[in-house]
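Undergrad: here is my input; please provide its structure:
(one chain, ligands or ions: 3)
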Amino acid sequence: MSDDRLIVFDTTLRDGEQSPGCSMTLEEKVRIAKMLEKMRVDVIEAGFPAASPGDFASVQAVAKAVQGSTICGLARAMERDIERVAEAIKPAASGRIHTFLATSPIHMRDKLRMEPDQVVEQAVKAVKYARQFTDNVEFSPEDAGRSEFDFLCRVIEKVIDAGATTINIPDTVGYTIPFQFGDLIARLIDNIPNSDKAVFSVHCHNDLGLAVSNSLAAVLSGARQVECTINGLGERAGNAALEEVVMAVRTRNDVFNCDTNIDSTLIVPTSRLVSSVTGFMVQPNKAIVGANAFAHESGIHQDGVLKSRETYEIMRAQDVGWSDNKIVLGKHSGRNALKSRLSELGIDVESEAELNEIFARFKDLADLKHEVFDEDLRVIANESQLEPDQARFVLISSHVCSETGETPEATLTLSVDGEEKQGKASGDGIVDAVYSAIKSITGSSATLELYSVNAVTQGTDSQGEVTVRLEKDGRLFYGNGAHTDIIVASAKAYIDALNKIANQVEREHPQMSGV
Ligand SMILES: CC(=O)SCCNC(=O)CCNC(=O)[C@H](O)C(C)(C)COP(=O)(O)OP(=O)(O)OC[C@H]1O[C@@H](n2cnc3c(N)ncnc32)[C@H](O)[C@@H]1OP(=O)(O)O
Ligand SMILES: CC(C)C(=O)C(=O)O
Ligand SMILES: [Mg+2]
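TA: Ligands and ions are numbered 1, 2, ... in the order given. As a prediction, the model looks like this:
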């Protein structure tokens, strides 16, 4: 393996599965493993075969199903566990036995209850035993991050002599700090006389949120395998996230001088698959795979990205498997982003004044809801084509009252030909009361033939779009209104239809004014 190749060892199916509540079935493990293979992960740690007959069967099934990656199983430093791994990985085109034994004072004394010399002896014995089954053996001195340096060097030198081909340095409890961990890896490689006979690997946990930083510091110090998981799953706070390590090394190739063989365009689909199988959803602001990782909401950023993507993006969304980056229209957005989206929607904005008018409506709506969707924009753009200054009736305010067992009441204030008028009415329901109040103010004799309401977008803050059909002297008039408050949307729709009646009446019978 050349020095500029970084081996990706994915342990989603082993350490990832150790996340409480994250157990996977055999079929699920095979599905994920096939995806990892497609993504060109070098080594897939498929499980801990000695843990249960089910986990044994899963590792074996992965070994049968996946021939393009090396399949690995984890074993304690004992013959029985090692035999189980050897048996489970037999069908693999390329298999690896990963055995481990803790080397930190606290783990040796309080957990293993072994003397350091016994630990060295058992580690060597385990590696030698594993080598009887395969020439691909990895050894991990568990809790290396809290182990004494000289003892760590001693164990590692011995297990390399015993035949370990990969030495994995785990920061099992996520205790180390990047500069320390990087320094540890550099010193191990420099001080262990036979270090050139093995690939140095790292396995970092995220207890202090440093798993990826520690892994990258180790890569800078010469580690050439990184153990990681999709979405950073793993014991407690998780492991280093594969997607972050891979993209950091690729994006900052100027710093790392090495790269992985990963097809990064499969990162997002793989992340989605792992989320759906485990039920562990990815937070929106998660690097690379979070829903907002390539989304821009603020006007200044949107303007920059629309002019030149690189102003605010250091990676291309497509390179990690998103279909594109995302301009999210919300209350921080500006005119340039709005205009660009309207044009994508085929909505022509003919003048600066029209854009300003749509923009003002857009900001009003954005203050009421988190995100303004394309459907919202269509409504806003349509509304702004009505010329409100020509409308006879304009809604100024509404007050409604609805209580269980009481008759609903509505009080509305409208501008009628520029003059403020108020009306109060009760009804069978709130909308009925609102419509009666409008009729009392406008004196309309039109009859309501149709009332329909649609949620324009998802969520409880979505706009309600109301359509009404009024009949007046045998003719039909439609009215639309949209608002996050469904009562306001209903009133606006009714008033819109009345304005259309008024326009019609004025055109055909200028001397009349009734609606
Ligand atoms: C840092 C890590 O991620 S380590 C991997 C963690 N993964 C797992 O634990 C996999 C799931 N585990 C299991 O199913 C079970 O723990 C088994 C089947 C492995 C073992 O179960 P049991 O035999 O009942 O042992 P139990 O889990 O209670 O205790 C662990 C024993 O292994 C010993 N042990 C721990 N690590 C090692 C090691 N690397 N090599 C040898 N022995 C070890 C412990 O000292 C303890 O020994 P003791 O029973 O003599 O006190
Ligand atoms: C088994 C080892 C590599 C491990 O998961 C850890 O130490 O965190
Ligand atoms: Mg671990």
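Undergrad: which residues does Q422 form beta bridges with?
TA: T413 (DSSP bridges).
Undergrad: which SS class is the residue nearest the centre of the chain?
TA: With distances taken as CA atoms, centre = their mean, the chain has G290 as the residue nearest its mean C-alpha position (2.5 Å). G290 falls in the coil class when you classify it by DSSP: H, G, I helix; E, B strand; the rest coil.
Undergrad: from the middle of its chain, how far away would the lengthiest helix in the chain be?
TA: When every helix of the chain is counted residue by residue (DSSP state H), the longest turns out to be helix 486-508. When distances are taken as CA atoms, centre = their mean, to the nearest Å, helix 486-508 is centred 44 Å away from the chain's centroid.
Undergrad: and what of stretch 204-212?
TA: Centroid displacement of stretch 204-212 relative to its chain, using CA atoms, centre = their mean, is 19 Å.
Undergrad: tell me the mean pLDDT over it?
TA: Average pLDDT, stretch 204-212: 98.
Undergrad: do stretch 498-512 as well
TA: Averaging pLDDT along stretch 498-512 gives 82.
Undergrad: outside of it, which residues touch it?
TA: Residues outside stretch 498-512 that contact it (CB atoms under 8 Å, 6 or more residues apart in numbering): 386, 390-393, 438, 442, 444, 446, 470, 472, 475, 477-479, 513-515. C-beta: built from backbone N, CA, C; applies to glycine.
Undergrad: go again using 6 Å as the cut-off
TA: Residues outside stretch 498-512 that contact it (CB atoms under 6 Å, 6 or more residues apart in numbering): A391, R392, F393, T442, S444, K472, F477, V515.
Undergrad: could you report the pLDDT at the residue nearest to the centre of the chain?
TA: pLDDT, the model's per-residue confidence, is 96 for G290.
Undergrad: quick check: closest non-adjacent residue to it.
TA: Nearest non-adjacent residue to G290, counting by CB to CB, 6 or more residues apart in numbering: P284, 5.0 Å away.
Undergrad: residue boundaries of the strands in the stretch 101-250 of the chain?
TA: Assignment of strands within the stretch 101-250 of the chain using DSSP state E, counting those that start in this stretch yields the ranges 137-142, 166-171, 199-204, 225-228.
Undergrad: who wins for proximity to E27 among those?
TA: E27 lies closest to strand 225-228 among the strands of the stretch 101-250 of the chain, at 23.5 Å (CB to CB).
Undergrad: which secondary structure elements does the closest one sit against?
TA: With contacts defined as 3 or more CB pairs under 6 Å, 6 or more residues apart in numbering; DSSP states H and E, the secondary structure elements packing on strand 225-228 are strand 7-10, strand 199-204, helix 242-251.
Undergrad: quick revisit: distance check, the residue nearest to the centre of the chain against L448.
TA: With distances taken as CB to CB, to the nearest Å, G290 is found 47 Å from L448.
Undergrad: do the same with M78
TA: Using CB to CB, one gets 80 Å for the distance from M78 to L448.
Undergrad: swap in D135?
TA: For D135, the distance to L448 under the criterion CB to CB works out to 83 Å.
Undergrad: so for these two, which sits in the more crowded spot?
TA: Between D135 and L448, counted using other CB atoms under 10 Å, L448 has the larger neighbour count: 16 against 9.
Undergrad: and that one, that's in a strand?
TA: Yes - using three-state DSSP, the assignment for L448 is a strand.
Undergrad: sec struct for I314, please.
TA: Secondary structure of I314, per three-state DSSP, is coil.
Undergrad: which ones are touching it?
TA: I314 sits in contact with T251, where contact means CB under 6 Å, 6+ apart.
Undergrad: and the pLDDT at it?
TA: 98.
Undergrad: rewinding a little: I44 is nearest to which of the helices and strands packed on strand 225-228?
TA: The nearest among the helices and strands packed on strand 225-228, by CB to CB, is strand 7-10 at 5.4 Å.
Undergrad: and that closest one, anywhere near ligand 1?
TA: No - using CB under 6 Å from any ligand atom, no contact is recorded between strand 7-10 and ligand 1, whose separation bottoms out at 13.9 Å.
Undergrad: tell me which residues in that strand are buried?
TA: Buried positions in strand 7-10, judged by neighbour count with 16 or more other CB atoms under 10 Å: I7, V8, F9, D10.
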